[in-house]
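**Student:** need coordinates for the following:
(one chain, ligands or ions: 2)
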Amino acid sequence: MSYVKGLKCRECGRPYPKQPIYVCEYCFGPLEVDYDYVKIKKDLTREAIESRPQNLWRYRELLPIDGEPTDGLHSGFTPLVRAKNLGKALGVKELYIKDDSVSHPTFSFKDRVVAVALSKAKEFGFDTVACASTGNLANSVSAQAAVANLKRYIFIPADLELGKVIGTLIYNPVLVAVEGNYDQVNRLCSEVALKYKWAFVNINIRPFYAEGSKTYGYEIAEQLGWRAPKHIITPCAGGSLITKIWKGLNEFHKLGLIDKVGTRMYAAQATGCAPISTAVKENSDIIKPVKPKTIAKSLAIGNPADGVYAVGVTKESGGWAEDISDDEIVEAIKLLATTEGIFTETAGGVTLGVTRKLIEQGRIPKDESIVVCITGNGLKTQEAVSERIGKPIKIKPNLASFEENVTRR
Ligand SMILES: *Cc1c(COP(=O)(O)O)cnc(C)c1O
Ligand SMILES: [Zn+2]
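**Tutor:** Ligands and ions are numbered 1, 2, ... in the order given. Take a look at the predicted model:
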C-alpha cells in the first residue's frame, strides 16, 4: 500500500518518478517526496496511530516506502520529558525535552532517518549502503545495515570523537576516515555516488531518508496530547531536521490531527559553525559557507545543504536563530545533566544553551510551552566535558579513610 505519488522538485515543482535521485535536472533544486494526502487522510486517524506499536512506523502513511517497513522497528517514540527542574532554573513555566539521546539502537535521532533510508534502499534493490557523516549518522548506518545484512561504506572526517569512531567500527563496516572537514567528505561522496551503485543515504536516497526526521515532530505533537507547542528549539547541521519538524507539524494540521500550528521554530548552532544562525540574524536569504571550528562536531557543516530552507522555516514560523560559544555548550550540557539527569552530547548543549540565550533575550516568553530538541547522547562526546567535571574521591577500603576523605573533609 503506497501513499507516495512520486518525487517533486522543491523549487520548480516538476514531477519525477520514485527513483534514487535527489536533484532536479532543470533547475538543480532538491527533490522531495510527493504524497497523496487525500488518501492518507482517509486512513490515518488519531485512533489508528494510538493503536499501533510505539515506534516511528506508527506514522507509516506519512513515510515514503511502498511496502511494509523492514528496518528500525524499535526506533522512535522516545520520551518527551516534562522538565520541571530545568524549567525552574531557566525561569519558564512549561518546558519539555524531546529526548533522542536514548534512541534505539545508536542513541541519536539519526536512527529515524536511517530506518527509513534502509527500508527504501531495499525496496530499490540495493545491496550496499553508504553515507557521509559527522558521526551519529555513521553510527546508525553502520548498526542498522549490520542488522539488515547490507554492505556498508561509511565516510567521516578523520578528526571525529573516539566514541563516534568506536560506535561505528563495532558494527564492522568499511570506515573511511578522510583527512578533511565534513564538507570535503561530502563532496568526495558525491563523486563516489556517481561512480558506484550504492545507496548513499544522505545523497542519492536523501529525499526519502530526510522524511524520517518528520517523526520527531509527529511525536512531539502526539505526546503533548495532540497539539503543537508554542516554541521548538532545534540544533542545525545540514538544516534538514528543523525543516522536517515544521513540515511534520503542518502535515498533522492538514490531516486534521491537530489544531492550527502556532509554533515558532528556532535554529541553534555553535558560534564556531553558524552559517544558518548568521543568515537569520543578518536577515539574509543567502548562506555564506564557513570553515567549522567547534567542539560540536556533529553540527559542524560549513555549507549546509538545507540551510536556505532552515532560514525560511525560522522566518515563516516567526522564530529566530542563535549561536553560542564552546564554553556555553559545556555549561549547558552540565545544566541538563544536573537538573534532568540527561547526559547529552555537544549538539544538545548547543540546543539548550541557545534556548537559555533566547529566553534571556526575551525572544521566548516565560509562560508558553517550549520544547528543546535533545538529539544525541553525551557518552559519545566525553572529550568535550572530561576536563570540566569533578573527580572521584579516592579512599582506602575502610571506614576511617571514608570519613577522613569524604564526610569530614
Ligand atoms: C545530524 C545531527 C543534527 C542536525 O541535523 P540536520 O538535519 O543535518 O540539521 C542534530 N543533532 C545531532 C546529534 C545530529 O547528529
Ligand atoms: Zn526544479
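**Student:** just the helices in the stretch 301-409 of the chain please.
**Tutor:** 307-316, 326-340, 346-360, 399-402 (DSSP state H, counting those that start in this stretch).
**Student:** and these, which is most packed in?
**Tutor:** helix 346-360 (a mean of 27; mean count of other C-beta atoms under 10 Å). Just so you know, the C-beta spots here come from the backbone N, C-alpha and C atoms, and that holds for glycine as well.
**Student:** and the helices of the stretch 301-409 of the chain: which comes nearest Gly248?
**Tutor:** Nearest of those to Gly248, taken as C-beta to C-beta: helix 307-316 at 11.6 Å.
**Student:** from the stretch 101-250 of the chain, which residue is nearest to ligand 2?
**Tutor:** Closest residue of the stretch 101-250 of the chain to ligand 2, C-beta to the ion: Pro207 (12.7 Å).
**Student:** low pLDDT regions in the chain?
**Tutor:** Scanning the chain for pLDDT under 70 picks out nothing.
**Student:** tell me which parts of it are close to ligand 1?
**Tutor:** 108, 110, 136, 235-241, 298-299, 345, 347, 375-376 (C-beta under 6 Å from any ligand atom).
**Student:** in helices, which of the residues you listed fall?
**Tutor:** In helices, defined here by DSSP state H, the members of the residues of the chain next to ligand 1 are Lys110, Asn136, Ser240, Leu241, Ala347.
**Student:** buried among these? Make that a ChimeraX selection.
**Tutor:** Of those, the buried ones go into a single ChimeraX selection, burial set by 16 or more other C-beta atoms under 10 Å:
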select :110,136,240,241,347
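**Student:** mind putting the ones in helices among the residues of the chain next to ligand 1 into TSV with distance to ligand 2?
**Tutor:** TSV is the format used below for these (distance: C-beta to the ion, whole Å):
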residue	distance to ligand 2
Lys110	28
Asn136	30
Ser240	18
Leu241	23
Ala347	32
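**Student:** re the thing from before, any idea how many residues pack against the residue of the stretch 101-250 of the chain closest to ligand 2?
**Tutor:** Using other C-beta atoms under 10 Å, Pro207 has 24 neighbouring residues.
**Student:** which residues does the residue nearest to Ile374 when sequence neighbours are not counted contact?
**Tutor:** In space, and not counting its chain neighbours, Ile374 is closest to Gly348: 4.3 Å by C-beta to C-beta, 6 or more residues apart in numbering. Residues counted as contacts of Gly348 (C-beta atoms under 8 Å, 6 or more residues apart in numbering) are Ser101, Pro235, Ala332, Ile333, Leu336, Ile342, Ile374, Thr375, Gly376, Gly378.
**Student:** state the distance from Gly348 to Asn136.
**Tutor:** Using C-beta to C-beta, to the nearest Å, one obtains 11 Å as the distance from Gly348 to Asn136.
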